[in-house]
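Trainee: Whatever this is, show me its structure:
(2 chains)
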Amino acid sequence: MLLLSRLAENLFWIGRYIERAENTARLLNVNYYATLEMAGRAREYWMPLLELTGGDADLRAKYGRVDARSISAWLAFDRDNPASIATSVARARENARGLRDRIPSEMWEALNTSYLSLCFENESVLDRDGLFEYCAAARDASQFFFGIAFATLPRDEGWSFMRAGQMLERGDNTLRVLQSRYRGIDARPVEDPGQRAMQDQRWVSVLKGASAYEAYRKRVHSGIDPQTIGDFLLLDEFFPRSVRYSAENLEAALMQIERHHPGAHPEIPRLSRWLVARLQYARVADILDEDNPSLEELLGDFNRVGASITAAYFQQE
Amino acid sequence: MKYEPGDRFFDEMFTPDGQVRPHYQGVEEYISDLGVAEFERRHRLLDLAFRNQGITFTVYGDSQGTERTFPFDPVPRIIPAGEWSHVEAGLTQRVKALNAFLRDIYGDAQILGDGVIPAELVYTSAHFRREVHGVKVPQGIYTHIVGTDLIRNEQGEYLVLEDNLRSPSGVSYLLANRQAMTRIYPGMFEAQGVRPVQHYATALLEVLQSVSPRDNGTVVVLTPGMYNSAYFEHAYLAQQMGVELVEGRDLFVDAGRVWMRSTGGRKQVDVIYRRIDDDFLDPLAFRRDSSLGVAGLVEVYRQGRVAIANAIGTGVADDKAVYAYVPDMIRYYLNEAPLLNNVPTYLGWNADHLEYMLANAGDLVFKAVGEAGGYGMLIGPYATRDEIDAYLIKVRLEPREFIAQPVVGLSRHPTFYPDSTKFEGAHVDLRPYVLYGTKDVTIVPGGLTRVALRRGSLVVNSSQGGGSKDTWVLDHDGPATPQGMSQIMHGDGQTTQNQAQSQFQGGFGAVPVGSQSQSQSQSQGQTQSQGQTQALGQSQSQAQPSFSQARVQASEEAQIEAYGQSQSQGQIQSQAQKRTSGGTLPPPAPDSPGQHSYQQELEKDQLDGDQPGQTKEGER
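Mentor: This is a model prediction of the structure:
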């Protein structure tokens, strides 16, 4: 079955953008509601989120202030923010428009409907306390879209490219969240009991942002601890949003593609299997305490896999 | 159903004395039974369905929300069996003659040698392509897909306004309209005997495959890209045919063949259904600055290793001056009398015609032959003396470049207006789609009916508030038989199924859905789209390549608007009648009488939405 390079690239990016919209929606939602119950400064909550998406310079320039409201608007609706929910959905839809003949109409229609409802909003959503609904709608849009894909998209190369994009984005996102948290003040438990409760809450938010809170509680009975949370989000074998799980599925998708072109691009299996091996055999202390490999290195590994996909399949003659 | 047909124009649904025409009886009863409120609610559902499906065309020069839905009116246009078979035969005849003509002029040019058509007219046409002279096109077919524009004059006679032979658009709306109608008004179809249209994509693929140089050749649809206004249609057709939708950058020429780039390397391409104008197909053969085409494509085509549909150079046969000779072509090549008449046309090229044109400029519509989309037009009755004089200077300078036609009042059709919640008459035209393959000519029953939604306007152009309607062709001439109805309603499978029955199966059990909340969100969409229609005209003129052109278009739009208004006041009526009855056409126009509407010209490019701008695609 033939797949045009341009369409393969479109599918890959649809996977990435929709996953990105969903991740941003989860993080934003969790953060916004977590800050409501919190006394004092919101900075510890909000800055990591901004760091994920490239800092606060553009936000400051546009809104003149950095607070819960401006950050929420920036991350949710602002089409000037290349990582906002609205931008991600619009770009995914743009890519899907180039694929209309290729993907099932139902997938297109779902995405187009989401685009119409999510991409033309502004701060007035906040005024009517609609952020929760907005974020829930963005998350649902992603799940609906991938759900239709799961049920109707033929399992050919195109599926694998979309899946690869989705998994790469997910692993990348989880790593970035962890990176910002372990770089910050919450990397080690604090002593003061009052502070400690707040810190725990922030770690709960991290879990919730990855939809991992309930799964973590079921699997880990030792309570909220930065190290075990890191272990769970990085290396858990069964949790579908862990970095390891994402890497394994990324590798599986790439192997599916490889089957259509055996041996044509040896760099891709080498890089992706190396990444999986590291995540399968490293211990959490190796990563968080020894930096062996560090979170930065793992992130770099993901990006190298992405670059090799681009070079092998999207830029060839 | 409350409706005032009036008597100035031919009304599709009602006779002048207010009687429903027999073939409309079923629909009229359905609408009356449904009631206006429910009709309106479903009308909103339709709009929402189109928005969600992204059945839109692109408006250039607008930063956000650049896609618009094409307004749709749910009162179907109905053509009875007898009338359709006449139209079908007329179109078939016409398309065969046009292909014979193209074969001829790109070969021995006998028709020119015999003096039937002046050679000068053909060779001076901007769309005549010397580059493909002598090329043997596969199976001798030039126009695989034709979208002929038909209008009906005050007497209800079908006239050909234009043969669109390059790459006519709009067929996707025809298919989408039908699908939406059966989903939302299933009951309207029950027992009416409506002929199906959904086989278009299958028939199109068959035609394209039939011209492949290799057995089981690979067919692709070549689009200028997703920013092209007709992109929805390109993607839709590719999807329905199950072929690749490619852009110029996906293709390349190597070793005398055309290939597409894929993740698994190259794959040979045999048939290209192109939705790009000749000029942009190949930078080596035509416009060098084109980035939409494929370098070297024309050479491969010349060698017969790739088929292009429609063939290169078909535009010469729909040049407005050459158009006037199509009836002569039919007589010359087929030895038949034309079944469908042209609108009378005066050629600036002909000295006698020119004299008449110059003397009667105030009563005529002038058009530049090479232009489309309403550019370069003069509407005599609504131009000032100065404008006419200025225009005539151009005409005298290059008479070959101009034609003139009398003014025609298009037929009208009851149309639902949500603002007044009433049915009012609106002018319509019809574009059937003709497929010409090795086997024979296939015409999907009906076509795209375009309707001028702006009150009193004769402009069916989407940028001028035009919309479309579902078009039904019936398998009978009169009212649907009650007997057939009861059989269907009771699902009596034992009785012999007639055609009408089998067609309705899809409609059953499909219960239109709708809830309060849906209706609300729809009414929002509705108002939006209405508001946008206006913005449309503006943004389009903004997208023009130059200021002066934008001004020309704006002034034309104003003229047309003025024309539409005054028509509704009945001023032009007397003129039009005088002309038809009085027979005041001194130099005989090159074909049989009839009347014309210039307004149609306007929408050519805009329905297809091809604006000169970033991406250009040949209409016709």
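
Trainee: any idea which residue sits dead centre in chain B?
Mentor: B:R431 (4.1 Å; CA atoms, centre = their mean).

Trainee: I'd assumed B:L150 was in contact with it.
Mentor: Yes - B:R431 is within contact range of B:L150, at 7.2 Å (criterion: CB atoms under 8 Å). From N, CA and C alone the C-beta is placed, and that goes for glycine too.

Trainee: Compute the first-to-last residue distance for stretch B:269-277.
Mentor: 19 Å (CA to CA, to the nearest Å).

Trainee: Average pLDDT for it, rounded please.
Mentor: Averaging pLDDT along stretch B:269-277 yields 95.

Trainee: likewise stretch B:384-395?
Mentor: In this model, stretch B:384-395 has a mean pLDDT of 92.

Trainee: Distance from it to the middle of the chain?
Mentor: 30 Å (CA atoms, centre = their mean, to the nearest Å).

Trainee: Can you point out the buried residues in that stretch?
Mentor: Across stretch B:384-395, burial judged by 16 or more other CB atoms under 10 Å in any protein chain shown covers B:387-388, B:391-392, B:394-395.

Trainee: the longest strand in chain B is where?
Mentor: Criterion DSSP state E: the longest strand present in chain B is strand B:422-431.

Trainee: moving C-terminal of that one, what's the next helix or strand?
Mentor: strand B:433-436 (DSSP states H and E).

Trainee: and whatever helix or strand comes next after that next one, which strands flank it?
Mentor: Helices and strands here follow DSSP H and E; after strand B:433-436, the next one along the chain is strand B:441-443. Its sheet considered, strand B:441-443 pairs with strand B:433-436 (antiparallel) by DSSP bridges.

Trainee: Give me every residue in chain B lying close to chain A.
Mentor: For chain B, the residues in contact with chain A (CB under 8 Å from any CB of the partner chain) are B:51-54, B:64-65, B:221, B:226, B:231-232, B:234-236, B:238-239, B:243-247, B:249-250, B:252, B:260-265, B:267.

Trainee: In helices, which of these appear?
Mentor: Judged by DSSP state H, the subset of these located in helices is B:51-53, B:231-232, B:234-236, B:238-239.

Trainee: Counting neighbours, which of the residues of chain B next to chain A end up buried?
Mentor: Buried among the residues of chain B next to chain A by 16+ other CB under 10 Å: B:51-54, B:221, B:226, B:231-232, B:234-236, B:238-239, B:243-247, B:250, B:252, B:260-264.

Trainee: Need the max-distance pair from the buried residues of stretch B:384-395.
Mentor: B:E387 and B:V395 (12.5 Å; CB to CB).

Trainee: residue ranges with poor pLDDT in the stretch 201-317 of chain A?
Mentor: For the stretch 201-317 of chain A, applying pLDDT under 70 flags the ranges A:316-317.

Trainee: In it, what residue comes closest to chain B?
Mentor: A:Y313 (4.8 Å; CB to the nearest CB).

Trainee: If we ignore the residues flanking it in sequence, what's nearest that residue?
Mentor: Leaving aside its chain neighbours, A:Y313 sits nearest to B:T263 (4.8 Å; criterion: CB to CB, 6 or more residues apart in numbering or on different chains).

Trainee: follow-up on the earlier one: in the sheet, who's paired with the residue nearest to the centre of chain B?
Mentor: Residues found in beta-bridge contact with B:R431 (criterion: DSSP bridges) are B:L448.

Trainee: Need the residues that contact the helix or strand harbouring A:R278.
Mentor: Using DSSP H and E, A:R278 maps to helix A:267-281. By CB atoms under 8 Å, 6 or more residues apart in numbering or on different chains, the residues outside helix A:267-281 that reach it are A:234-235, A:243-244, A:247-248, A:250-251, A:254-255, A:257-258, A:293, A:298, A:301-302, A:304-305, A:308-309, A:311-312.

Trainee: go on, stretch B:114-134?
Mentor: Contacts of stretch B:114-134 with the rest of the structure, by CB under 8 Å, 6+ apart, involve B:105-107, B:109, B:111-112, B:166, B:278, B:285-286, B:298, B:301-302, B:311-316, B:318-319, B:321-322, B:325, B:328-329, B:332, B:347, B:349, B:369-370, B:400.

Trainee: Of those residues, keep whichever come out buried.
Mentor: B:105-106, B:109, B:111-112, B:166, B:278, B:285-286, B:298, B:301-302, B:311-316, B:318-319, B:321-322, B:325, B:328-329, B:332, B:347, B:349, B:369-370, B:400.

Trainee: Show only the entries of those found in helices.
Mentor: Per DSSP H, the buried ones among the contacts of stretch B:114-134 map to helices at B:105, B:111-112, B:298, B:301-302, B:321-322, B:328-329.

Trainee: you'd agree B:E157 is up against B:N341?
Mentor: Yes - the criterion here is CB under 8 Å, and B:E157 meets it with B:N341 at 7.1 Å.

Trainee: circling back to that earlier point, narrow the contacts of helix A:267-281 to just the buried residues.
Mentor: A:234-235, A:243-244, A:247-248, A:250-251, A:254, A:257-258, A:293, A:298, A:301-302, A:305, A:308-309, A:312.

Trainee: can you tell me which of those residues are in helices?
Mentor: Reading helices off the buried ones among the contacts of helix A:267-281 with DSSP H, I get A:234-235, A:243-244, A:247-248, A:250-251, A:254, A:257-258, A:298, A:301-302, A:305, A:308-309.

Trainee: what about the closest residue to A:R170 other than its chain neighbours, how many neighbours?
Mentor: Leaving aside its sequence neighbours, A:R170 sits nearest to A:S246 (CB to CB, 6+ apart; 4.5 Å). Neighbour count for A:S246, taken as other CB atoms under 10 Å in any protein chain shown: 26.

Trainee: For B:H199, grab phi and psi.
Mentor: In terms of degrees, to the nearest 10, the main-chain angles of B:H199 are phi -80, psi 0.

Trainee: nope, A:E123 is what I meant
Mentor: phi -60, psi -20.

Trainee: Helices of the stretch 1-150 of chain B, start to end?
Mentor: With helices called from DSSP state H, counting those that start in this stretch, the stretch 1-150 of chain B shows them at B:25-34, B:36-53, B:81-105, B:110-113, B:119-123.

Trainee: Go through the first one and flag the buried ones.
Mentor: For helix B:25-34, the neighbour count (16+ other CB under 10 Å) marks B:25-28, B:30-31, B:34 as buried.

Trainee: Between these, which sits nearest B:S212?
Mentor: B:V27 (42.1 Å).

Trainee: show me what contacts that closest one?
Mentor: B:V27 neighbours (CB under 8 Å, 6+ apart): B:75-76, B:78, B:188, B:192.

Trainee: Break chain A into its domains for me.
Mentor: As recorded under automatic domain parsing, the domains making up chain A are A:1-153, A:155-317.

Trainee: can you give me the offset of the longest one from its chain's centre?
Mentor: Yep, that's domain A:155-317 we're talking about. Remark: domain A:155-317 is offset 10 Å from the chain centroid, using CA atoms, centre = their mean.

Trainee: same deal with the first one?
Mentor: Relative to the mean C-alpha coordinate of its chain, domain A:1-153 is positioned 10 Å out (CA atoms, centre = their mean).

Trainee: That domain vs chain B: in contact?
Mentor: Yes - using CB under 8 Å from any CB, domain A:1-153 reaches chain B at A:2-6, A:8, A:94, A:97-98, A:100-102, A:105, A:108-109, A:112-113, A:116, A:120.

Trainee: Now do the same contact list for the nearest residue to B:D254 once chain neighbours are set aside.
Mentor: Counting by CB to CB, 6+ apart, B:R266 is the residue found nearest to B:D254 once chain neighbours are left out, at 7.5 Å. If a contact means CB under 8 Å, 6+ apart, then B:R266 has B:252, B:254, B:259-260 as its contacts.

Trainee: A:L175 belongs to a helix, doesn't it?
Mentor: Yes - applying DSSP: H, G, I helix; E, B strand; the rest coil, one finds A:L175 inside a helix.
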